[in-house]
Structure formats: C-alpha cells, structure tokens
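Undergrad: prediction below, plus the sequence it came from.
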Number of protein chains: 2
Amino acid sequence: MTVLKNDLFLRACKRLPVERTPIWIMRQAGRYLPEYRAVRKKADFLTLCKTPELVAEVTLQPVDLIGVDAAIIFSDILVVPEAMGMHLEIYEGRGPVFPNPIRNEADAKALKEIDPGIELKYVLDAVALTKKELNQRVPLIGFSGSPWTLLTYMVEGQGAKTFSIVKNLIYNNPALAHALLDKIANTVANYLNAKIEAGVDAVQLFDTWGGILSPHDFVTFSLSYIEKIISRIKRKDIPIILFAKGVHFSFQQLAESGADVVGLDWSMEIGDVRKMIGDKVALQGNMDPTVLYAGQEQIRQEAIRILRSFGHGTGHVFNLGHGILPDVPPENLKALVRCVKEESVQFHSSGSEFES
Amino acid sequence: MTVLKNDLFLRACKRLPVERTPIWIMRQAGRYLPEYRAVRKKADFLTLCKTPELVAEVTLQPVDLIGVDAAIIFSDILVVPEAMGMHLEIYEGRGPVFPNPIRNEADAKALKEIDPGIELKYVLDAVALTKKELNQRVPLIGFSGSPWTLLTYMVEGQGAKTFSIVKNLIYNNPALAHALLDKIANTVANYLNAKIEAGVDAVQLFDTWGGILSPHDFVTFSLSYIEKIISRIKRKDIPIILFAKGVHFSFQQLAESGADVVGLDWSMEIGDVRKMIGDKVALQGNMDPTVLYAGQEQIRQEAIRILRSFGHGTGHVFNLGHGILPDVPPENLKALVRCVKEESVQFHSSGSEFES
C-alpha cells in the first residue's frame, strides 16, 4: 500500500496532530466549475454517474483546480434507490424525481435486495479508477445518503416543502417505515463496505433531512439506522463522517453514534460545539455557503473567524455548512482554500501558548 | 375596559399562575378549515385581507369551531411591503410574488414611508371589528414579520431555496441592507403600535427566515432590528411574542431581546429550553405540525409528552412549532385542543408535589 502524499484530512478526522487545518468542500465537483459543466455537455447527469472515466475526471477537477485536501467520488445519493429498482429521472433546474414513489407495502416489496458489486458496480469501478488517477495525492471520500434521507426521497418522489407524505407514513404506518428503513440501512452498509473494498479512504453519511424530525423522532427514524450502518462498517481505520443537517439538539447523540467526525451546518458556532463534543469526535464545517458570494477579503475574515472559533489543536476539517452553490465564482472558492491553508498554520504551531 | 372571559393566554405569557395551559395555533384561521375555504370562494386572498368583515369572520372561526384560547387577526406579513408601495401578487399553490423586487438603491428609495393609520387602515379596522365581535371571549393577537424576514421576501421577490439574492445583498452591499432594515423596522414598530391602539391584546413577531443566517449574521441583520422594534412598542402591558424559526443557538439572546414569550419550532425539547431561559421568558410551542397527520391517540401522546417536557408551573403557551398545514383534518386539531385543555390541568394543580 502506497502512502498518501497529503493525509492531513485523515489525520484531522482521527484527531491526530496536523501542521494546518485541511479543507474540502461538499459538492466541490459540481456546477460552479466551468470544467465540470464542459463534461456535463457530453453526458447527462446519470450517464456521468455511470461512466467511471467521467466520474474520475470530475472528481479530480477540484483537486487540480482548487487545491482541496480530499477528493469525494462524484455520484448522487439517489443511485442507491435507483439500483434497488426505482426509476429515477433528473430534470435540469427541477432536481431528481421518482415518478413511481413508494406508497404502500407492495411498492416496498418490489424494492430489490441488491449486491452493490453488481447493481452499483459502476460506482466501485469509478472509485478504483479515481483512486489510481489520484495517485495518492489526497485521500478519496465515498458517501451515501442516510436511510431516513433516502426514504424521504423514495416516498415523496420529489423535492418536498412540508414532507407530508413521509410524515404520514411514519405516523400512520410506522411498521412499514421501519421495514423500509431497515432494508435501506442494510443496503447502505453493504454499499459503503464495497466502496471501502474498492479503495475509498473515508466515508461520509449525509442525513440531509434529519432536521425535519423532532429530536425524539430523529432518534427513532434516523439516528438508530445510522448507528446500525456504522456498527456494520468494516472499519480498517477508515474514518466515518456523519453530516446531519439541522439536528443541533442531538449533538451529544451524534458524538456517541460511532462516527469519527460530526459535520456541522452553519447554524451554530463551531467553537461552542467543540466545547460540547470535541473531546469525542472531530468536527467538520461550517462556513455559510453564501459567504462565497462575498468579496475575497470578507471570505478571508469569515474563514479566520471560524478557525479562531474552533481554536487551537487538531480535530477540525474545514468545509462549508452545506454544498457549494452553483452560482459561486470559482475564484472565491480558491481564495477560501488558500486562506485556510495559510491562516490555519497558527492554530497548530507547537509550543504556542494556546496549544491544546 | 371590559374584562376578558378567558385570559389564560395572557397570564401564561406573563408567567402568572393559570389553571391550565392555554393553546392557540399558528395559521389557525386558514385553509385546513372548510369554513375558511368557503369564505375564500367569495374573495381572493388580498381582498379577504382588505375586507374587515371577512377578516373578522375567518379570525373568529377557530375560536368558534376549534376552541382555541386566543384569536390572531387574519392577515399576511406581506401587506406591509405592499403598503410601502410594492406590487404584490398571490398565486394559488405558488405563494406570494413581488414581480418588482428590491435590487438596488433606486428600488429602495422608491419604498414609501407609510402611516399605518392610512395605508394599513384596513387592518386596524379589522382589528377593531374583530375585537368587538369577539366580545371579550379570548384575547386577540396582532402580528408582523420581522424586518429581516420582510426584507428577504422584498429582495428575493418570491419563495427562495438558497436565498442567494438577499445573501448577496448583505455581503456585498451591507449599507443598503441596513438602510432597508432600518426603514422596515420603523414601519413595523409604527404598525404594531397602531394595532395595539386599535385593540390587540398581544403582538407576535415572526422571523421565519432568521434561521438562514449564521448566528453572528442573525444578530447583525435580524435580532438587532427586532430589538429596536421591541424597544419602540408602547407596551401598556401588552405581551410580545418572538417566534424566530431555526435560530436555536441564539436562545439566550432571544430571551434578552425584551420579548415576553419566545416561540419554539419543533427541533428541540421544550423542557431543555425552559432550563436554559425559562426564568426570563414564557415559551410558546412546540409540536411538530405533521403530528396532526397522525391518529388522535398518537396526537394525544405527543401533546402529553410536550406538556410533561415543559413540566409544572406557568409560562407555557401550547402551539405548533410552525403553522398548521392545509391538509390537516380539522377533527385532529380539535382533538389536540381538547387534550391540552384536559391534560394540562395536572401541571398547574396547586399543592402538587411537583409544583414549581
């Protein structure tokens, strides 16, 4: 096994000493990059996801062009339900749609038990190819949606505002909801293990819709299935990042979920969360993605504010609090990455009076 | 001045002893009620807002039909920017649209300084008429959007997902943002004072979009203007409720804003928040609105769970954590109201071993 040239990200995930704070950006391979849009002219979204050569190309773009400290394999959380047999359509500007969402026991029964090595082989091939092309420059992250977030899409069928359909399901047919969540959790665990086998250096679970649940429903319908997945991941020293948006009141529980890193949205001070749970897990985040609309000096000020809020010592992976927005100028992201690389050194200098 | 027959809501707002926990529901006069939809067949949304007789009719509906402990004058937060000169269009199923949103200094300059007694006289007339028709049965609440929430609509022009336009404004032209927020804050303060003059017994500020801001931007662009309004309200013993959605990390600051009551969304345990700030303010909330999709026994369980989480003693106004959804069966809301009235008595019984 060759050694990574830049393993700052992995060390920060494990709260091992680092020379500076690593940075990567959710959705860093995406529409804000002209080079990504050029690839998309050649292939629609799902074709791109299913073509390992193109996946490798767009996955490497932010490493080459922006200088991030980790790559994340280009894909979509909805390839999992698609592999389970749900027809998926992606419309530009409207987002993904399942024209035949899950609404009853028969729909649920029709969902296939899959072998990720077969139905999602294209992702594993993309991981292997990308890993090769990365040539150990930076670690490669694999990801999946959480069972709850996947269920939400599978039941609603499209973007929702009030989530009335999935909420109806959990309140009026909890047995069906739990059966589906269990099936999805098994699939996700197998899928992440297959990605680890294929070569990813870390995995991230996205629970985008955890925050639409009340704290106790979050534990019942989301966190318990996340914990099940984490307990089934064949670790081999692979850090697990858990990013659950809007679940601020469950931080203690997230920290005890078995995840190594907890991702934060921008609705909190990272320093406050470090005081709460920073002795148990590393933290990832948490700049408001819209700050990248600002001028570069203001971006710099905000980056420094967040670095200072986290404070001295390891355990911080710099990121945005949600995915980068498609209309951000790439120059602004470059400025952010440059700034974090430069300004974070002072928070890791050994012998500093503030060393923690 | 005649005396209210049921002043439980006002007493709970002031943390005075009550015999049971009062309940009202955000958007309680609205589309879930067939009786409301019947009125809407006679008048479009804005005509309804501007016709005091119809406003009084729909405002009283939940008092008569559901049995809530407070009425809230039927209106919309966007009547304020409309009165300031912005053309407002309401499309069924799409929500409100300002076809000419504010994008620059000239747009801002064109906003009128209004006298609520003239441009919003129809609201004040509706308050006076509703107050008369209520005949002191329950208190009447008046409301306004916060300056930040109004600015968001005025700048975006319509419902937004990433709020990129208003975020661009605050980061790239903060001087214009602050000038607009100040103008709106003055208008809202005058508007709420006029409503108080017209007879409302309490006022609520809705900061629906406070939660899209990071904690420090929330203070800069939203809370500081809310505090300005609160300091300018001519109190006369009128409780002020502050409902800011998604701003969980600012509770200490909300409690020190001058508001008497802090409204909670459903992303937290009300008992936890009571421990944090319950010695400073009363709390309003916080059932997940989608629980009203469940069966009545489950609604009952959840209501009891929330009452128990708050615990013994006064200072709790039961409500949902956001507005009631249009597809909720009215019978389910009736069941909730009945349950809170019955089950909350035990949390206020004097001489109880749990009395606080």
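TA: Everything's here; your move.
Undergrad: interface residues of the stretch 201-350 of chain A facing chain B?
TA: Counting by Cβ under 8 Å from any Cβ of the partner chain, the positions of the stretch 201-350 of chain A adjacent to chain B are A:211, A:213-217, A:246-249, A:266-269, A:272, A:288-291, A:293-295, A:298, A:305, A:321, A:325, A:327. The C-beta positions use only the backbone N, C-alpha and C, and glycine is treated the same way.
Undergrad: buried ones among those residues?
TA: A:211, A:213-215, A:217, A:246-249, A:266-269, A:288-291, A:293-294, A:298, A:305, A:321, A:325 (16 or more other Cβ atoms under 10 Å in any protein chain shown).
Undergrad: from these, which ones fall inside helices?
TA: With DSSP state H as the criterion, helices contain A:215, A:217, A:298, A:305 from among those.
Undergrad: doesn't residue A:252 make contact with the first one?
TA: What that stands for is residue A:215. No - checked against Cβ atoms under 8 Å, the pair residue A:215 and residue A:252 is beyond contact range at 10.8 Å.
Undergrad: mutual contacts of those two, please.
TA: Counting by Cβ atoms under 8 Å, 6 or more residues apart in numbering or on different chains, no residue touches both residue A:215 and residue A:252.
Undergrad: got phi/psi on the residue of the stretch 1-150 of chain A found nearest chain B?
TA: Going by Cβ to the nearest Cβ, chain B is nearest to residue A:95 of the stretch 1-150 of chain A, at 9.7 Å. Main-chain dihedrals, residue A:95, degrees, to the nearest 10: phi 90, psi -180.
Undergrad: looking at it, it is touching residue A:156, isn't it?
TA: No - counting by Cβ under 8 Å, residue A:95 stays clear of residue A:156, with 11.3 Å between them.
Undergrad: out of these two, which sits in the busier spot?
TA: Using other Cβ atoms under 10 Å in any protein chain shown as the criterion, residue A:95 and residue A:156 rank with residue A:156 on top: 22 against 13.
Undergrad: I'd like the average pLDDT over stretch A:325-339.
TA: On average, the pLDDT along stretch A:325-339 is 97.
Undergrad: state which helix of chain A is the longest.
TA: Counting residues, the longest helix found in chain A (DSSP H) is helix A:174-198.
Undergrad: give me the buried positions along that helix.
TA: Neighbour-count burial for helix A:174-198 flags A:176-177, A:180-181, A:183-196, A:198 (criterion: 16+ other Cβ under 10 Å).
Undergrad: tally of neighbours for residue A:173?
TA: Neighbour count of residue A:173, defined by other Cβ under 10 Å: 14.
Undergrad: can you give me the strands in the stretch 101-250 of chain A?
TA: If DSSP state E, counting those that start in this stretch is used as the criterion, the strands of the stretch 101-250 of chain A fall at A:140-145, A:202-207, A:240-244.
Undergrad: can you redo these as TSV with mean neighbour count and mean pLDDT?
TA: Shown next, in TSV, are the strands of the stretch 101-250 of chain A (neighbours: other Cβ atoms under 10 Å in any protein chain shown; pLDDT from 0 to 100):
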stretch	mean neighbour count	mean pLDDT
strand A:140-145	23	98
strand A:202-207	25	98
strand A:240-244	26	97
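Undergrad: nearest to residue B:313, out of those?
TA: Closest to residue B:313 of the strands of the stretch 101-250 of chain A is strand A:240-244 (Cβ to Cβ; 33.2 Å).
Undergrad: I'd like the next helix or strand past that closest one.
TA: helix A:251-255 (DSSP states H and E).
Undergrad: can you name the next helix or strand after that next one?
TA: Once helix A:251-255 ends, the next helix or strand along the chain (criterion: DSSP H and E) is strand A:261-263.
Undergrad: so what touches the next helix or strand after that next one?
TA: Later in the chain than strand A:261-263, the nearest helix or strand by DSSP H and E is helix A:270-277. By Cβ under 8 Å, 6+ apart, the surrounding residues in contact with helix A:270-277 are A:251-252, A:254-255, A:262, A:264, A:283, A:285-286, A:306, A:308-311, A:315-316, B:249.
Undergrad: now swap in stretch A:43-56 and tell me
TA: Stretch A:43-56 has contacts (Cβ under 8 Å, 6+ apart) with A:39-40, A:42, A:58, A:73-76, A:79, A:82, A:88, A:90, A:122-123, A:125-126, A:128-130, A:133.
Undergrad: I'd like to know which of the residues you listed are part of helices.
TA: Residues of the contacts of stretch A:43-56 located in helices (DSSP H): A:39-40, A:42, A:58, A:79, A:82, A:122-123, A:125-126, A:128-130, A:133.
Undergrad: circling back: check the ones in helices among the buried ones among the residues of the stretch 201-350 of chain A next to chain B and tell me the two furthest apart.
TA: Taking Cβ to Cβ as the measure, these span a maximum distance of 38.2 Å, between A:217 and A:298.
Undergrad: mind listing what's buried in stretch A:306-325?
TA: For stretch A:306-325, burial by neighbour count (16+ other Cβ under 10 Å) applies to A:306-307, A:309-325.
Undergrad: which members of these occur in strands, if any?
TA: Among the buried residues of stretch A:306-325, the members falling in strands (DSSP state E) are A:316, A:317, A:318, A:319, A:320.
Undergrad: need those residues in a markdown table (columns: pLDDT).
TA: Below are these laid out as a markdown table (pLDDT from 0 to 100):
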| residue | pLDDT |
| --- | --- |
| A:316 | 98 |
| A:317 | 98 |
| A:318 | 98 |
| A:319 | 98 |
| A:320 | 98 |
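Undergrad: of these, which is the nearest to chain B?
TA: Distances from chain B to these, taken as Cβ to the nearest Cβ, are shortest for residue A:320 (11.3 Å).
Undergrad: which residues touch that closest one?
TA: With contact taken as Cβ under 8 Å, 6+ apart, residue A:320 is in contact with A:25, A:26, A:266, A:285, A:286, A:287, A:288, A:289, A:292.
Undergrad: switch the cut-off to 6 Å
TA: A:25, A:26, A:287, A:289 (Cβ atoms under 6 Å, 6 or more residues apart in numbering or on different chains).
Undergrad: name the nearest residue to it, sequence neighbours excluded.
TA: Nearest residue to residue A:320, sequence neighbours excluded (Cβ to Cβ, 6 or more residues apart in numbering or on different chains): residue A:289, at 4.6 Å.
Undergrad: might you list the low-confidence residue ranges for chain A?
TA: Residues of chain A meeting the criterion pLDDT under 70: A:1-2, A:350-356.
Undergrad: can you count the residues close to residue A:91?
TA: Neighbour count of residue A:91, defined by other Cβ under 10 Å: 10.
Undergrad: name the nearest residue to it, sequence neighbours excluded.
TA: Leaving aside its chain neighbours, residue A:91 sits nearest to residue A:97 (6.5 Å; criterion: Cβ to Cβ, 6+ apart).
Undergrad: the one you found reaches residue A:159, doesn't it?
TA: No - in this structure residue A:97 lies outside contact range of residue A:159 using Cβ atoms under 6 Å: 8.5 Å.
Undergrad: may I see the strands of the stretch 101-250 of chain A arranged in a markdown table, with distance to residue B:232 as well?
TA: Listed next are the strands of the stretch 101-250 of chain A as a markdown table, based on distance: least, Cβ to Cβ, whole Å:
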| stretch | distance to residue B:232 |
| --- | --- |
| strand A:140-145 | 47 |
| strand A:202-207 | 42 |
| strand A:240-244 | 40 |
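Undergrad: interface residues of the stretch 51-200 of chain A facing chain B?
TA: With Cβ under 6 Å from any Cβ of the partner chain as the criterion, the stretch 51-200 of chain A comes near chain B at residues A:162, A:167, A:168, A:171.
Undergrad: so which of the residues you listed is surrounded by the most neighbours?
TA: residue A:167 (25 neighbours).
Undergrad: wait, doesn't that residue sit right on residue B:290?
TA: Yes - using Cβ under 6 Å, residue A:167 makes contact with residue B:290 at a distance of 3.6 Å.
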